[in-house]
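J.: structural data only, the sequence is not supplied:
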């Protein structure tokens, strides 16, 4: 499972002009689910992301987590994180999980984020979405459950 995590001042996702999810300060998480991912991968990512210390403390040091600043999470399904362009210029998505399995693990990830007490907004799975954000910093972190060891 892969995630691009961005520290944001605000973010929102719209579907057909309608706001599906919106947050103020917090984390925008673009989440890709791989073919071999399990609930253990989703739990690992949720715990890692919920605990990321990427917000500045009173000394200007990145030392606080999203919960400590009263922030929220916007989780957006992003199967293109598994796009492979090593053999050409058109991405292959063979490593991405099939839609039903991806939906299950995406929803499990969101539930894990909410279980630690964080407000978590979402996009709409398998829909064309427009994502708007104000990246704060900019701070962008890549997290991959395959690289957890």
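T.: It's in. These numbers were taken from a predicted model, which means no experiment stands behind them.
J.: report the central residue of the protein.
T.: residue 29 (2.0 Å; C-alpha atoms, centre = their mean).
J.: does that one really touch residue 7, like I thought?
T.: No - counting by C-beta atoms under 8 Å, residue 29 sits too far from residue 7 to count as a contact (10.9 Å). Bear in mind the C-beta positions are built from the backbone N, C-alpha and C, glycine included.
J.: so how far is the host helix or strand of the residue nearest to the centre of the chain off the chain centroid?
T.: Here residue 29 sits within strand 26-32, counting by DSSP states H and E. Distance of strand 26-32 from the chain centroid (C-alpha atoms, centre = their mean, to the nearest Å) equals 2 Å.
J.: which stretches of this structure form strands?
T.: For the chain, applying DSSP state E gives strands covering 2-15, 18-23, 26-32, 55-56, 62-64, 72-77, 120-122, 130-144.
J.: can you check what angle separates the longest one from strand 18-23?
T.: Yep, that's strand 130-144 we're talking about. Here strand 130-144 runs at an angle of 50 degrees relative to strand 18-23 (axes from the mean of the first three to the mean of the last three C-alpha atoms, to 10 degrees).
J.: same for strand 130-144, what does it pack against?
T.: strand 2-15, strand 26-32, helix 39-51 (3 or more C-beta pairs under 8 Å, 6 or more residues apart in numbering; DSSP states H and E).
J.: out of the ones you listed, nearest to residue 81?
T.: Of all the helices and strands packed on strand 130-144, strand 26-32 sits nearest to residue 81, with 2.9 Å by C-beta to C-beta.
J.: counting contacts, what elements does that closest one pack onto?
T.: Strand 26-32 packs on strand 2-15, helix 39-51, strand 72-77, strand 130-144, going by 3+ C-beta pairs under 8 Å, 6+ apart.
J.: what is the end-to-end distance of stretch 117-129?
T.: End-to-end distance of stretch 117-129 (C-alpha to C-alpha, to the nearest Å): 26 Å.
J.: and that stretch, how far out from the chain middle?
T.: Using C-alpha atoms, centre = their mean, the offset of stretch 117-129 from its chain centre is 9 Å.
J.: and the contacts of it?
T.: Outside stretch 117-129, the residues that touch it by C-beta atoms under 8 Å, 6 or more residues apart in numbering are 13-15, 20-23, 50, 66-67, 72-77, 99, 102-103, 106-107, 110, 113-114, 131.
J.: now do it, average pLDDT.
T.: Taken as a whole, stretch 117-129 has a mean pLDDT of 96.
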